[in-house]
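# build me a structure from this.
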Amino acid sequence: MNFLDFIKNGLLQFFSYTGFANCEVGNIIMIIVGIIFIALAIIKEYEPMLLIPIGLGIIVGNIPFTDGLQIGVYEDGSVLNYLYFGVLKGVYPPLIFLGIGAMTDFSTLISNPKLILIGAAAQLGIFGAYMLALLLDFNPMEAASIGIIGGADGPTAIFLSSKLAPSMMGAIAISAYSYMALVPVIQPPVMRLLTTKKERVIRMRPPRVVSHREKVIFPLLCILLTTFLVPSGLPLLGMLFFGNLLKESGVTKRLANTAANPLIDIVTILIGLTVGASTQASTFLKVESILIFALGAASFIIATAGGVCFVKIFNLFLKEGNKINPLIGNAGVSAVPDSARVSQVEGLKYDKTNFLLMHAMGPNVAGVIGSAVAAGILLSFLY
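Predicted structure coming up:
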């Protein structure tokens, strides 16, 4: 072989390893999707902490490469595969819940316990989507994993799908996080459709002041009640209330700050990047992925409607002065604090002096508990 042939063969071999030689239409489509996610995060500020890591992960996961180089998220021994282990085995979601617990103030819920019923009612979206998925010929384990999208809780969706439907986890996780980011777009039309002008201006009594003792007892009581009822939800519920106890005890501020800031930030980066990278076109671009997104949207709408309608019905049994503004019904989903913020924004459109945010935080944090309990129930029946 002469020198020119050697150079030619070397260049051809080099080209065969490049992304240009291995690129398929699916890769281009998914890379565009990743760019759209990043654009929505930067331009519209839709959940940038989630959409930027996921968007870049989608791009990383769809860079074309030759099999066997230990690069892809599904290739044993690759760095991405090791990082993806935390998603696949459900390690990251409990750590996220630890941070959420350390950031969450349950005072509004403690001061007005009936608000927890709104969080429970909003879980209707999970079971509604579960039934729809069964009608579309998904098996019960797949249907449950799809239904959990209605809880608007990405970590819970990842946790449940990692147990029941690992092959669908990428589509389910992306769907859950996408709809969490689109809370300000999806929920307001449903809220306006289901409420009257009179209902939208209902004023609620200010929440009472909650004592330190009550704040400490609450996570202890909740972990016992919820995990005795649904032991399979212990990884999520246990970490949620552990984080809250760190916050409310008053004597573990360093641990609470670590859980609420550096730890949850690190895990969010890892979970976003690896979930995004799991959307390789060869495994993601399927008809079932489109169905999952459609069912995810349906579950989210049902959950929002369930929370709002429950408040309207509940108000029939409450005296004047004790009624609940149904605009906080949407906050029963677990997207903290975005859905509560939507309640506030919508309320101010009809009465600029009616501040609903603190009231909405009650069902909002109840929704976090509710989605984890719902996941535990589904896991108990189907795992």
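
# now do the helices in the stretch 251-383 of the chain.
253-258, 264-277, 281-284, 287-315, 338-350, 357-382 (DSSP state H, counting those that start in this stretch).

# angle of the longest one against helix 357-382?
Translated: helix 287-315. 120 degrees (axes from the mean of the first three to the mean of the last three Cα atoms, to 10 degrees).

# now helix 287-315: buried residues?
Judged by neighbour count using 16 or more other Cβ atoms under 10 Å, the buried positions of helix 287-315 are 289, 291-293, 295-312, 314-315. Where C-beta positions appear, they are placed from N, C-alpha and C, glycine not excepted.

# cool, and the second one?
By neighbour count, and taking 16+ other Cβ under 10 Å as the criterion, the buried residues in helix 264-277 are 264, 267-277.

# again, but for stretch 86-102
So, applying 16+ other Cβ under 10 Å, buried residues of stretch 86-102: 86-88, 90-102.

# helices - which of these land there?
Using DSSP state H, the members of the buried residues of stretch 86-102 that fall in helices are 86-88, 92-102.

# nearest to V368, of the buried residues of stretch 86-102?
Nearest to V368 among these is I100, at 6.5 Å by Cβ to Cβ.

# for that closest one, give its distance to I126.
Distance from I100 to I126, counting by Cβ to Cβ, to the nearest Å: 18 Å.

# quick one, what contacts V79?
V79 makes no contacts at all, as judged by Cβ atoms under 8 Å, 6 or more residues apart in numbering.

# do you know how far it is from I71?
8 Å.

# circling back to that earlier point, let me know the closest of the buried residues of stretch 86-102 to D67.
L88 (19.7 Å).

# quick one: that closest one and S162 touch, right?
Yes. Using Cβ atoms under 8 Å, L88 is in contact with S162, at 6.0 Å.

# who touches both of these two?
M169.

# show me which pair in the buried residues of stretch 86-102 is furthest apart.
L88 and A102 (25.2 Å).

# just give the number of residues close to T283.
A count of nearby residues for T283, using other Cβ atoms under 10 Å, gives 18.

# swap that for V251, please
The burial count for V251: 8, using other Cβ under 10 Å.

# skipping adjacent residues, who's closest to M169 in space?
With Cβ to Cβ, 6 or more residues apart in numbering as the criterion, M169 has its nearest non-adjacent residue at 4.4 Å, and that residue is S161.

# what's near enough to touch the one you found?
145, 148, 168-169, 172-173.

# then the strand or helix carrying it to CSV, C-alphas only?
If you go by DSSP states H and E, S161 is part of helix 154-164. Output in CSV follows, covering the C-alpha atoms of helix 154-164 (Å, rounded to 0.1, in the frame of the first residue of the first chain):
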residue,chain,number,x,y,z
GLY,A,154,-41.2,14.3,37.2
PRO,A,155,-39.3,12.4,39.9
THR,A,156,-42.4,10.3,40.8
ALA,A,157,-43.0,9.5,37.1
ILE,A,158,-39.4,8.4,36.8
PHE,A,159,-39.5,6.3,40.0
LEU,A,160,-42.7,4.5,39.1
SER,A,161,-41.8,3.9,35.4
SER,A,162,-38.3,2.6,36.4
LYS,A,163,-40.2,-0.1,38.3
LEU,A,164,-43.1,-0.9,36.0
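
# hmm, I217 and L245 touching each other?
No. Judged on Cβ under 8 Å, L245 makes no contact with I217 at a distance of 10.0 Å.

# with neighbour numbers in mind, choose between these two.
Set L245 next to I217 and count neighbours by other Cβ under 10 Å: L245 wins out with 21 against 13.

# now the more buried one: which helix or strand?
Per DSSP H and E: helix 234-249 holds L245.

# got the CA coordinates for that helix in CSV?
Listed next in CSV are the C-alpha coordinates belonging to helix 234-249 (Å, rounded to 0.1, in the frame of the first residue of the first chain):
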residue,chain,number,x,y,z
LEU,A,234,-41.5,4.8,51.4
PRO,A,235,-38.5,5.8,49.2
LEU,A,236,-40.3,9.0,48.1
LEU,A,237,-42.5,9.8,51.1
GLY,A,238,-39.8,8.9,53.7
MET,A,239,-37.3,11.2,52.0
LEU,A,240,-39.9,14.0,51.6
PHE,A,241,-40.7,14.1,55.3
PHE,A,242,-37.1,13.6,56.3
GLY,A,243,-36.1,16.7,54.4
ASN,A,244,-39.0,18.6,55.9
LEU,A,245,-38.0,17.5,59.4
LEU,A,246,-34.4,18.7,58.8
LYS,A,247,-35.9,22.1,57.9
GLU,A,248,-38.5,22.4,60.7
SER,A,249,-36.4,21.0,63.5
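
# which parts of the helix or strand hosting L224 are buried?
Assigning secondary structure by DSSP H and E places L224 in helix 212-229. Buried residues in helix 212-229, counted by 16+ other Cβ under 10 Å: 215, 218-219, 222-223, 226-227.

# ok, and what's touching that helix?
Outside helix 212-229, the residues that reach it (Cβ under 8 Å, 6+ apart) are 101, 106-107, 110, 233-234, 237-238, 241-242, 244-245, 248-250, 369, 372-373, 376.

# kindly report the same for stretch 298-305.
With Cβ under 8 Å, 6+ apart, stretch 298-305 has contacts from 122-126, 128-129, 132, 146-147, 149-152, 179, 186-187, 190-191, 194, 329-330, 332-333.

# reformat the buried residues of helix 264-277 as TSV; add distance to P337 and pLDDT.
TSV is the format used below for the buried residues of helix 264-277 (distance: Cβ to Cβ, whole Å; pLDDT from 0 to 100):
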residue	distance to P337	pLDDT
I264	14	96
V267	19	96
T268	15	94
I269	20	95
L270	23	95
I271	19	94
G272	19	93
L273	24	94
T274	25	94
V275	22	91
G276	24	92
A277	28	92
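
# any weak-confidence spans in the chain?
Low-confidence segments of the chain (pLDDT under 70): 1.

# now do the contacts for L273.
Residues in contact with L273, defined by Cβ under 8 Å, 6+ apart, are 53-54, 56-57, 60, 83.
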